[in-house]
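>>> turn this into a model:
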Amino acid sequence: MASPGLQESSVYCPYCGESIEVLLNPEDVGLDYIEDCQVCCRPIEFSLRESAGGWLEAEVRSDAE
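Here you go, the predicted model:
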């Protein structure tokens with residue numbers, strides 16, 4: 001279960017295409033960071049923003065994009 005303030009989300013790995021569960025932290029809004037895929041272990045680049053409704057949205061990409 002997620003800690004208060006953290007939002008659980010599913011994203012698709014840009015390398016292997018698998019759906020993975022990640023925890024998004026509101027303190028990371030506006031930041032770019034790297035997290036390894038839980039399936040293929042390749043580095044996924046995350047950009048985190050807050051939607052108009054207050055939900056966190058993660059944009060993911062490979063380091064080649």
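>>> from now on I want contacts and neighbour counts done on CA atoms only, so please keep to that.
Noted.
>>> what mean pLDDT does stretch 34-52 get?
Mean pLDDT, stretch 34-52: 94.
>>> all strands for the protein, in order.
7-12, 19-24, 32-36, 43-50, 56-61 (DSSP state E).
>>> including mean neighbour count, could the ones you listed go into CSV?
Shown next, in CSV, are those (neighbours: other C-alpha atoms under 10 Å):
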stretch, mean neighbour count
strand 7-12, 15
strand 19-24, 16
strand 32-36, 13
strand 43-50, 18
strand 56-61, 18
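>>> not counting residues beside it along the chain, what's closest to residue 32?
Nearest non-adjacent residue to residue 32, counting by C-alpha to C-alpha, 6 or more residues apart in numbering: residue 47, 4.6 Å away.
>>> residues touching the nearest residue to residue 45 once chain neighbours are set aside, list them.
The spatial neighbour of residue 45 that comes closest, neighbours along the chain excluded (C-alpha to C-alpha, 6+ apart), is residue 34 at 4.6 Å. Shown in contact with residue 34 (C-alpha atoms under 8 Å, 6 or more residues apart in numbering): 43, 44, 45, 46.
>>> what's the most distant pair in these?
Maximum pairwise distance in those, criterion C-alpha to C-alpha, is 9.5 Å, between 43 and 46.
>>> could you pull out the residues contacting both of the two?
If you check residue 43 and residue 46 against C-alpha under 8 Å, 6+ apart, the residues they both contact are 34, 35.
>>> quick one: residue 10 and residue 20 touch, right?
Yes. The criterion here is C-alpha atoms under 8 Å, and residue 10 meets it with residue 20 at 5.5 Å.
>>> ok so, going back, how much space between the residue nearest to residue 32 and residue 40?
Applying C-alpha to C-alpha, to the nearest Å, the value for residue 47 to residue 40 is 20 Å.
>>> again, but for residue 22
Applying C-alpha to C-alpha to residue 22 and residue 40 gives a distance of 15 Å.
>>> pretty sure residue 14 contacts residue 59?
No. Look at residue 14 against residue 59 with C-alpha under 8 Å: they stay out of range, at 10.5 Å.
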